[in-house]
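Visitor: build me a model:
(one chain, ligands or ions: 1)
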Amino acid sequence: MTTVFITHPDCLKHDMGSGHPEAPVRISAILKEIEALGLNQHLKQYIAPLARKEELERVHSSDYLEALFEMKVEEHELVPLDGDTSLNTYSLAAARYATGAVVLAVDQVMRAEADNAFCAVRPPGHHALPNRAMGFCIFNAVAVGAAHALEAWGLDRIAICDFDVHYGNGTADMFVNDRRVLMCQTFQHPFYPYQGGNTYNPNMINVGLKSGTGSLKFQEAIEQHWIPALNEFKPQMILISAGFDAHRDDPLGGLDLVEEDYAFATRLLMEVAETHAAGRIVSTLEGGYNPVALGRSVAAHVNELLKAPIHRH
Ligand SMILES: [Zn+2]
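Guide: Just a heads-up that it's a prediction; the model follows:
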């Protein structure tokens, strides 16, 4: 039993042009830090498979998928999909590998071949809508993973926890009013994508945080809003939309978190997972745009995941 770590070389080839914050260096910074700390020696490492069309179709429209699959992008060409999202010749493959990583991770924890998993992949996914790309996201990997756990593995209750600085509007759209899913989010509010802050829905726990919010209020939000809802819901698996752009050094986000906050959230989610879900956690990278802070934050998160009960003695 162990922690699985999944990535793919094509996730370093998706490139939306110099100066774009969602850049290949994000993944190389993570790999470098994981190796520098020696965490890689304890991880079971996999190369992501391509997500299959029928897996993507569980949350995305066939029209959207067909349009993307028919698109031809030449070397050195960038095709815009959204104001801040574009495709180079490797992007579609990267997005399919990023999503396939989460599907493989779900399979690994469901087969009890791993306690938990982290997918070091890009592009991110949580803004992607059923029928369009948005906010650096092409396919909604965490949503495809949740749908895979529900449809292919027959689970009845999945939690999706999202601590990215941005509200995960795409994922929320896909599962709002789906009583098989509880979604817990913390995010800066008001902030892009300007949704979520004041909406209420029985399966969406939305905790909007004012610009400048730091560790204390973030940790309180997790403890007082997420954890009681999760314990009442009793998820059979927890998926994490692990965005690290609420870090104080992030150039896009305006929150004031540090690495330990991510370790804290991870520990509390692991306790819930151990109580209700046989420890099953599948976490996938969303945002995080300061490569140094991102590397350290992911390392803090993965270091906690490695402390699954079997490793604790
Ligand atoms: Zn973000």
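Visitor: just checking, residue 292 touches residue 249?
Guide: Yes - between residue 292 and residue 249 there is a contact at 7.2 Å, judged by C-beta atoms under 8 Å. For glycine as for every other residue, the C-beta is placed from the backbone atoms N, C-alpha and C.
Visitor: for these two, indicate the residue with more neighbours.
Guide: Comparing residue 292 with residue 249 by neighbour count (other C-beta atoms under 10 Å), the higher total belongs to residue 249, at 18 against 12.
Visitor: residues contacting that one?
Guide: Listed by C-beta atoms under 8 Å, 6 or more residues apart in numbering, the contact set of residue 249 reads 290, 292, 293.
Visitor: now do the phi/psi pair for the closest residue to residue 269 other than its chain neighbours.
Guide: Sequence neighbours aside, residue 238 is the residue nearest to residue 269 in space, at 5.6 Å (criterion: C-beta to C-beta, 6 or more residues apart in numbering). Its backbone dihedrals place residue 238 at phi -110, psi 120, with angles given as degrees, to the nearest 10.
Visitor: quick one: contacts for residue 238?
Guide: Under the criterion of C-beta under 8 Å, 6+ apart, the contact list for residue 238 reads 158, 159, 160, 161, 230, 269, 272, 273, 277, 280, 281, 282.
Visitor: residue 118 belongs to a strand?
Guide: Yes - if the criterion is DSSP: H, G, I helix; E, B strand; the rest coil, then residue 118 is within a strand.
Visitor: what helix or strand does the closest residue to the ion within the stretch 151-300 of the chain sit in?
Guide: Using C-beta to the ion, the closest approach of the stretch 151-300 of the chain to the ion is made by residue 287 at 2.8 Å. Taking DSSP states H and E as the criterion, residue 287 maps to no regular element, lying outside all helices and strands.
Visitor: quick one, grab the pLDDT at the residue nearest to residue 269.
Guide: Residue 238 is assigned a pLDDT of 98 by the prediction.
Visitor: likewise for residue 246?
Guide: What the model reports for residue 246 is a pLDDT of 98.
Visitor: that one against residue 257, yeah?
Guide: Yes - using C-beta under 8 Å, residue 246 makes contact with residue 257 at a distance of 4.6 Å.
Visitor: and for these two, which residues touch both?
Guide: Overlap between the neighbourhoods of residue 246 and residue 257 consists of residue 218, taking contacts as C-beta under 8 Å, 6+ apart.
Visitor: which positions in the stretch 101-250 of the chain make contact with the ion?
Guide: By the criterion of C-beta under 5 Å from the ion, the positions of the stretch 101-250 of the chain lying close to the ion are 164, 166, 243, 245.
Visitor: identify the residues contacting the third one.
Guide: Residues in contact with residue 243, defined by C-beta under 8 Å, 6+ apart, are 124, 126, 162, 163, 164, 165, 166, 285, 286, 287, 288.
Visitor: what about 7 Å?
Guide: 124, 163, 164, 165, 166, 286, 287, 288 (C-beta atoms under 7 Å, 6 or more residues apart in numbering).
Visitor: the fourth one looks like it's in a strand, true?
Guide: No - when classified by three-state DSSP, residue 165 is found to be coil rather than part of a strand.
Visitor: give the contact list for it.
Guide: 187, 188, 243, 245, 246, 250, 253, 255, 287.
Visitor: which residue packs closest to the second one, ignoring adjacent ones?
Guide: Okay, so that is residue 188. Counting by C-beta to C-beta, 6+ apart, the nearest residue to residue 188 once its immediate chain neighbours are dropped is residue 165, at 5.0 Å.
Visitor: ok so, going back, need the contacts of residue 238 in CSV with pLDDT, can you?
Guide: What follows is the contacts of residue 238, written out as CSV (pLDDT from 0 to 100):
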residue, pLDDT
158, 98
159, 99
160, 98
161, 99
230, 98
269, 98
272, 98
273, 98
277, 97
280, 98
281, 98
282, 99
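Visitor: good, wrapping up.
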